[in-house]
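[1] Requesting a structural model of the entry that follows:
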Amino acid sequence: MSRLALNITVIISITICSLPCFSADNERPYVVIHRQGDFGCHTFRIPGIAKTNDGTLLAVYDMRYTSRRDLQAHIDIGLSRSTDGGQTWESPRPIMDMGEYRGLPQDQNGCSDPNILIDTITGEIFVTALWTHAKPGTHQWRDDGSKPGIDPAQSSQFMVVRSHDDGTTWTKPENWTSQLKNPEWFLFAPAPGNGITLSNGTLVIPTQGRDATGTPFSNLTWSDNHGKTWTVSSPARSNTTESAVVELPDGSLMLNSRDNRNRQDKSKTNGRAVSVTSDLGDHWTIHESDHGALPEPVCMASLISHRFDDGRSVLFFSNPHHTSRRKKMTVQMSLDDGTTWARQILLDEGGGAYSSLVMVDDNTLGILYESSRADLVFQTIQLEEFGL
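    Purely as a prediction, here's the structure:
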């Protein structure tokens, strides 16, 4: 398998002939996307999933070839496609690979933390991710793993690949760093998971970074011209990182963020940081569910919205439902715009870390997540299980 994605290439993939497995309680089947060591790759991590306008499910993730470790390492952004609602998946293949840029080996040109966005108006698909060049033995969120500046030798880079044919072929990687990153910041990156198209056609990607002091923040990056140009919002919160965004019925946006304060806070105020904006991130307010409604062990989570034909709106949220360990992967729903959460469905008692939700169809919720059963698994939940 070629690990280069430097030109638009038509790739014929082989479908994985995997029958559904069953959890220990024999109640809910799951489909394995990757077990450690499959496809010549040590580990898959950091899932994102979305449904195209043609109904294809696209799963993206880190292909960590030699170990589980984060950047810097030999990591490409991989893709699997499913055209049957997640029952079977095409073989994984890399769609973002920076090769041996500037003569350095692949383990000094890793890409990580993919975010997938479907423009529901044009059908174009964007996969953004972070690329780190050189800097062996570092981590972009610590010390000088990424520094102020724009050049790849200084700072980790904000990258994108695009598809115009339902995820079959992909463009070569584009570098958006100079148009998005404040040179004084240590880091600017997409948040892993998925972006959204708003009801008015605006594209929104949840993003994150480290400011001029090195302090983490969460924010949004948006485009009102189908990706020709992008605007970076003000930070929603400080000392937060990986976020998920949804559009609420009144047109405002909710940003639900991983909060570093929860490393120490295991009390009743442990929980996700939740912020709301009515002007695409120029101004932010703290939502009433902030810190307390959704406990976390400091981990990425997923949040999506779904509107029924009768006008009802529901939010779905997934994360490891625990204050200190990445276990108890759970999906919850809210019928009041995230003020309260109910109908917890436990998927994995002993594991669960990063996750990404998608509506498979109007009656079925899908989740791609890091599981105790395999690196990545896909499961579905019928909405009637939530009482909907």
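
[2] quick one: the residue positioned nearest the centre of the chain from Val246, how far?
    Nearest residue to the geometric centre of the chain (Cα atoms, centre = their mean): Gly193, 1.2 Å. Counting by Cβ to Cβ, to the nearest Å, the gap from Gly193 to Val246 is 11 Å. (Glycine included, C-beta is placed from N, CA and C.)

[3] still on that earlier bit, okay, the residue nearest to the centre of the chain: pLDDT?
    pLDDT for Gly193: 98.

[4] so it bridges to which residues?
    Beta-bridge partners of Gly193, counted by DSSP bridges, are Asn115.

[5] Pretty sure it sits against Ala59.
    No. Between Gly193 and Ala59 there is no contact under Cβ atoms under 8 Å: 11.7 Å.

[6] Now do Thr132: how many residues are near it, please.
    Residues lying near Thr132 (other Cβ atoms under 10 Å) number 27.

[7] The helix or strand that contains it - which strands sit beside it in the sheet, and in what orientation?
    Remark: Thr132 resides in strand 125-133, with elements defined by DSSP states H and E. Under the criterion DSSP bridges, strand 125-133 sits next to strand 109-118 (antiparallel), strand 157-163 (antiparallel) in its sheet.

[8] Just send the ones you listed back as TSV, with mean pLDDT, distance to Trp176 and mean neighbour count too.
    Formatted as TSV, the strands paired with strand 125-133 follow (pLDDT from 0 to 100; distance: least, Cβ to Cβ, whole Å; neighbours: other Cβ atoms under 10 Å):
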stretch	mean pLDDT	distance to Trp176	mean neighbour count
strand 109-118	98	12	27
strand 157-163	98	5	23
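
[9] Can I get the ones you listed in CSV including distance to Asp259?
    As requested, the strands paired with strand 125-133 are arranged in CSV below (distance: least, Cβ to Cβ, whole Å):
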stretch, distance to Asp259
strand 109-118, 18
strand 157-163, 23
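
[10] Out of those strands, which gets nearest to Ile46?
    Ile46 sits nearest to strand 109-118 of all the strands paired with strand 125-133, at 5.5 Å, using Cβ to Cβ.

[11] got the CA coordinates for the closest one in PDB?
    Provided in PDB are the C-alpha atoms of strand 109-118 (Å, rounded to 0.1, in the frame of the first residue of the first chain):
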ATOM      1  CA  ASN A 109       6.700  14.300   9.200                       C
ATOM      2  CA  GLY A 110       3.700  12.900  11.100                       C
ATOM      3  CA  CYS A 111       0.100  14.000  10.600                       C
ATOM      4  CA  SER A 112      -2.600  13.600  13.400                       C
ATOM      5  CA  ASP A 113      -6.000  14.600  14.800                       C
ATOM      6  CA  PRO A 114      -8.200  14.600  11.700                       C
ATOM      7  CA  ASN A 115     -11.500  16.600  11.400                       C
ATOM      8  CA  ILE A 116     -13.900  15.800   8.600                       C
ATOM      9  CA  LEU A 117     -16.400  18.300   7.200                       C
ATOM     10  CA  ILE A 118     -19.100  17.700   4.500                       C
END
